[in-house]
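In: Okay, sequence plus prediction incoming.
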Amino acid sequence: MAGALVTPITLPISAVLSGMSAALDITEGHPRGHAARTCLIAMRIADALRLSPEESSDLFYAALLKDAGCSANAERVYQMFGGPDEHETKRAVWLRDWRKLDQKVRYALEWVEPEGDFLARVRQFLRLAAIGPKAERELFEIRCARSAAIARALGMSEATAQAVHLMDEHWDGGGHPQGIGGEQIPIAARIIGLAQVVEIFWGVAGPDRALEMAAQRRGRWFDPELVDCLQAISSPALWASLEASDLNATVAAAEPAERAIDATDARLDQIATAFAWVIDAKSSFTFEHSDRVSAIAISMARHLGLTATEQTRLRRAALLHDIGKLAVPNAILDKPGQLTPAEWAIVKQHPEHTLNVLRRVPIFEELAEDAANHHERLDGRGYFRGLSGGQLSPTARVLAVADVADALMSARPYRAAVPVEDVLEIVRKGRATEYCPDCVDSLETAISTAAA
């Protein structure tokens with residue numbers, strides 16, 4: 001087992017959240033760093049407005065967590081629009097002024113079953129039209145409510161939770177989820193609402209187009225004062241900061257120092273648990289999978305005699321092991337039939353996404369290998385790298401068994417849940433070839449103890 005897990009007291013929680021926000025960018029279809037860059041724009045506006053340290057801190061954390069609920073509506077987006085990848089569908093909506101009917105219709109025509117035949121597209125379009133404006137509001141309600149719940153679960157202020165809940169409201173009352181307007185919308189929510197769309201247009205077409213878009217939506221989507229403030233602070237230095245090579249460090253420097261929150265062990269546990277919720281919310285078929293894998297793994301660990309420190313490491317790796325699945329489209333995750341070779345290749349990439357996300361997160365980078373190796377096998381026939389034997393840590397070996405056990409015991413779109421005895425028999429057949437013998441034995445003991 002790897003060495004002890006040590007949490008530097010001086011590490012701010014913002015460094016962890018900034019890195020983890022990359023996973024949220026994937027889920028919403030944005031390029032990596034979207035939330036971090038949105039945070040930088042928001043904090044520049046906050047500085048210009050001379051917000052208090054408390055207000056700035058609330059805004060700072062809200063900007064990093066703004067998309068925490070984005071996985072919760074992924075399944076619904078897929079159900080409404082169809083298509084091979086809901087990430088592209090979700091990203092595209094921000095590039096249009098969806099408040100305008102012609103833009104809304106063009107968006108629907110472009111993204112409803114984009115690869116389907118004519119009849120399939122017509123049927124899906126009519127289903128979407130039948131739901132009407134209610135569908136639009138529903139998607140925002142799901143995402144915004146979940147984001148606020150996660151902010152609260154992380155122990156953030158109520159102002160931060162309200163900011164992420166209301167960030168898609170518009171100045172003239174035409175936004176969602178509540179349809180409020182003007183100064184009824186908290187200042188932090190108004191700033192994020194502007195900053196996130198500015199970042200998207202900046203990334204697609206540069207600063208001039210981003211400022212033009214803000215001016216066009218001034219007084220409708222956005223608080224006029226904030227748009228004027230953005231125009232006033234626009235400078236080469238502002239836009240260059242969004243391209244910083246070390247974005248996490250740039251974001252950390254923007255945090256109000258007097259309000260910084262330390263990344264204690266308890267906070268890190270909260271973050272791992274919250275992101276497990278994000279992961280498992282993506283599909284109803286994987287709901288609470290990460291929590292169950294964690295519970296199984298820790299029960300196995302106790303029977304294996306792992307130390308408390310080792311169990312902490314294992315629990316966090318288990319909660320975060322499937323974070324790469326946020327990159328897998330729901331068209332694949334929820335497919336009722338057999339996957340095509342191309343679809344299966346996408347599924348097999350998810351541990352690599354897990355590795356790439358966690359490697360960039362302070363503290364969690366030491367969990368990256370263990371979390372990403374949960375589909376590797378002792379005989380080298382696993383994925384995504386085909387590691388074997390001594391290349392797999394004890395933590396990865398435990399995770400491999402806990403993950404496959406819960407996956408088999410849970411219903412999937414293509415099969416019913418497998419009975420526990422059959423699950424144990426399947427795992428036994430892989431003993432010493434696919435799975436570590438001690439881990440197989442500890443699974444049997446853990447399950448029999450739980451059933452007693």
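Out: The structure has been received and is ready for your questions.
In: Can you get me the start-to-end distance on stretch 280-292?
Out: Terminal residues of stretch 280-292 are spaced 11 Å apart (C-alpha to C-alpha, to the nearest Å).
In: Now do the longest helix along the chain: which elements does it pack against?
Out: Counting by DSSP state H, the longest helix found in the chain is helix 133-153. Under the contact criterion of 3 or more C-beta pairs under 8 Å, 6 or more residues apart in numbering; DSSP states H and E, helix 133-153 touches helix 53-65, helix 74-81, helix 158-165, helix 265-280. C-betas here are computed from N, CA, C, even on glycine.
In: Look up phi and psi at residue 388.
Out: The phi/psi pair for residue 388 (degrees, to the nearest 10) reads phi -150, psi 160.
In: Quick check: closest non-adjacent residue to it.
Out: Once flanking residues are discounted, residue 388 sits nearest to residue 380: 3.4 Å by C-beta to C-beta, 6 or more residues apart in numbering.
In: My read is that the one you found contacts residue 387, right?
Out: Yes - counting by C-beta atoms under 8 Å, residue 387 is a contact partner of residue 380 at 6.8 Å.
In: buried residues in the helix or strand bottoming out on mean pLDDT in the chain?
Out: Lowest by mean pLDDT, DSSP states H and E among the helices and strands of the chain is helix 118-131, with a mean of 79. Of the residues in helix 118-131, 121, 124, 125, 128 count as buried by neighbour count, 16 or more other C-beta atoms under 10 Å.
In: so what secondary structure elements neighbour it?
Out: Applying 3+ C-beta pairs under 8 Å, 6+ apart, one finds that helix 118-131 contacts helix 74-81, helix 101-111.
In: Check what contacts it and list those residues.
Out: 80, 81, 82, 108, 109, 112, 113, 116, 135 (C-beta atoms under 8 Å, 6 or more residues apart in numbering).
In: tally of neighbours for the third one?
Out: By other C-beta atoms under 10 Å, 23 other residues sit near residue 82.
In: for residue 28, same thing?
Out: By the measure other C-beta under 10 Å, the count of residues near residue 28 is 23.
In: Distance-wise, check it relative to residue 65.
Out: To residue 65, residue 28 is 13 Å away according to C-beta to C-beta, to the nearest Å.
In: Residue 113: helix or strand, and which one exactly?
Out: Assigned by DSSP states H and E, residue 113 belongs to no helix or strand.
In: if I look at residue 131, how far off is residue 104?
Out: 13 Å.
In: Tell me which residues touch the residue nearest to residue 388, please.
Out: Residues in contact with residue 380 (C-beta under 8 Å, 6+ apart) are 386, 387, 388, 389.
In: Turn these into TSV, including neighbour count and pLDDT.
Out: Shown next, in TSV, are the contacts of residue 380 (neighbours: other C-beta atoms under 10 Å; pLDDT from 0 to 100):
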residue	neighbour count	pLDDT
386	12	97
387	19	97
388	14	95
389	11	90
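In: between those residues, which is nearest residue 150?
Out: residue 387 (32.7 Å; C-beta to C-beta).
In: Pretty sure residue 373 is one of the things that closest one touches, is it not?
Out: Yes - Residue 387 lies in contact with residue 373 (C-beta under 8 Å); the separation is 6.2 Å.
In: Identify the residues contacting stretch 228-237?
Out: Defining contact as C-beta under 8 Å, 6+ apart, one finds that stretch 228-237 is touched by 41, 44, 45, 48, 49, 194, 198, 207, 211, 214, 215, 218.
In: which SS class is residue 381?
Out: Taken by DSSP: H, G, I helix; E, B strand; the rest coil, the conformation at residue 381 corresponds to coil.
In: ok, how many other residues are close to the spatially closest residue to it that is not a sequence neighbour?
Out: Nearest residue to residue 381 in three dimensions, chain neighbours excluded: residue 434, at 7.2 Å (C-beta to C-beta, 6+ apart). If you count neighbours by other C-beta under 10 Å, residue 434 ends up with 20.
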